[in-house]
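Engineer: this is a predicted model, with the sequence first.
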Amino acid sequence: MGHCFSLPSSQSEIHEDNEYGDGNAVVCYGEEFGLDQDLPVHRLGSVCSVQGSKAHNQDNAILYLGYGTGDAELCGVFDGHGKNGHMVSKTVRNRLPSLMSTFKKELNQESHVGEEDEAHKWEQACLAAFRIVDRELLLQVFDCAFSGSTAVVAVTQGDDLMIANLGDSRAVLGTMNEDGEISAVQLTSDLTPAVPSEAERIRMCKGRVLAMKTEPSSQRVWLPNHDIPGLAMSRAFGDFRLKDHGVIAVPEVSHHRITSRDQFIVLASDGVWDMLTNDEVVSLIWSSVKKQATAAKLVAEAAEATWKKKLKSSKIDDITVICLFLHKEQPSDT
């Protein structure tokens with residue numbers, strides 16, 4: 001899987017079969033990354049994860065340069081929940097990229113799909129990998145009955161951008177509008193029980209969708225005859241007690257063709273989006289002087305500060321951000 005380094009402290013290698021790899025936010029480099037001047041010049045990015053007030057940081061993230069056959073980049077943010085959510089999200093982070101790459105290579109080698117475009121192959125590889133990872137979680141030593149993880153994954157290859165989303169983490173594009181100003185375009189939908197089609201699927205499977213009296217605006221998923229677990233998303237890895245009641249691990253997959261106007265993509269857990277708007281995040285990144293190196297950290301720090309200011313308590317969600325710039329050179333700041 002190449003060499004992976006956790007940020008900011010550990011320098012241990014992360015192995016694809018080790019679900020307890022060190023560090024919540026890792027940067028990975030393909031086997032031949034940077035060793036040959038004829039290899040593609042990769043996009044630049046940054047990743048940051050900040051633990052909230054819980055006992056564990058249940059978020060995990062990966063920024064993989066030189067991904068797949070070496071000419072792509074992968075970003076992934078995984079937000080765990082439940083007692084063992086931190087282990088679910090780490091397992092998914094460490095397994096999903098290698099499985100996606102394996103399935104993509106198999107599709108490339110199959111002659112009957114040789115005419116398919118790259119975006120469609122990535123979509124098929126992604127759907128297969130998500131399915132396998134969810135099955136593998138059943139074999140883990142830790143309990144996933146009421147523990148799980150969201151996932152938002154982006155793969156860039158040339159001008160193709162593939163996004164796969166499971167749950168309520170989010171991907172946002174920073175692009176220049178006709179007036180030359182940076183603007184935000186949301187690339188994913190938050191998949192929660194508040195979405196009518198998601199709620200309908202859950203109710204068709206005898207799951208219940210309702211809000212608690214203390215959170216009247218937050219729809220949650222409950223078992224048919226028990227007031228547990230109150231899941232805030234409608235799709236997730238794990239959460240196997242709810243898999244018979246409409247919670248699924250099938251991602252929404254979309255494709256975007258990168259243009260000269262598109263500047264960067266941001267992937268983040270809901271610890272960011274609950275506090276900052278899409279426009280606020282995009283503007284913050286664009287206004288930074290050293291964009292590539294500091295973008296993710298700036299957003300994470302802003303989200304953390306907003307949690308503290310708005311709630312005035314010790315309750316802070318885990319915060320994880322990845323920012324990947326889509327062009328080799330950034331316009332100079334004015």
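Structural biologist: The structure has been received and is ready for your questions.
Engineer: roughly how far does residue 217 sit from residue 264?
Structural biologist: Here residue 217 is placed at a distance of 31 Å from residue 264 (CB to CB, to the nearest Å). No exception for glycine: its C-beta is placed from N, CA and C like everyone else's.
Engineer: between those two, which has more neighbouring residues?
Structural biologist: residue 264 (24 against 6; other CB atoms under 10 Å).
Engineer: quick check: buried residues in the longest helix belonging to the chain?
Structural biologist: Determined from DSSP state H, the single longest helix within the chain is helix 85-109. By neighbour count on 16 or more other CB atoms under 10 Å, the buried set for helix 85-109 is 85-101, 103-104, 107.
Engineer: so for it, mean pLDDT?
Structural biologist: Regarding helix 85-109, the rounded mean pLDDT is 95.
Engineer: for stretch 123-143, same thing?
Structural biologist: pLDDT averaged over stretch 123-143 gives 96.
Engineer: try stretch 229-241
Structural biologist: The average pLDDT for stretch 229-241 rounds to 97.
Engineer: just the terminal-to-terminal distance for it.
Structural biologist: Stretch 229-241 has an end-to-end distance of 9 Å (CA to CA, to the nearest Å).
Engineer: and the helices in the stretch 101-250 of the chain?
Structural biologist: Using DSSP state H, counting those that start in this stretch, the helices of the stretch 101-250 of the chain run over residues 118-137, 196-204.
Engineer: could those helices go into a markdown table alongside distance to residue 181 and mean neighbour count?
Structural biologist: Shown next, in a markdown table, are those (distance: least, CB to CB, whole Å; neighbours: other CB atoms under 10 Å):
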| stretch | distance to residue 181 | mean neighbour count |
| --- | --- | --- |
| helix 118-137 | 29 | 19 |
| helix 196-204 | 34 | 15 |
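Engineer: now distance to residue 77 too, for those, in a markdown table please.
Structural biologist: Output for those, formatted as a markdown table (distance: least, CB to CB, whole Å):
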| stretch | distance to residue 77 |
| --- | --- |
| helix 118-137 | 15 |
| helix 196-204 | 20 |
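Engineer: farthest from the middle of the protein: give me that residue.
Structural biologist: Of all residues in the chain, residue 225 has its C-alpha farthest from the mean position, at 32.2 Å, by CA atoms, centre = their mean.
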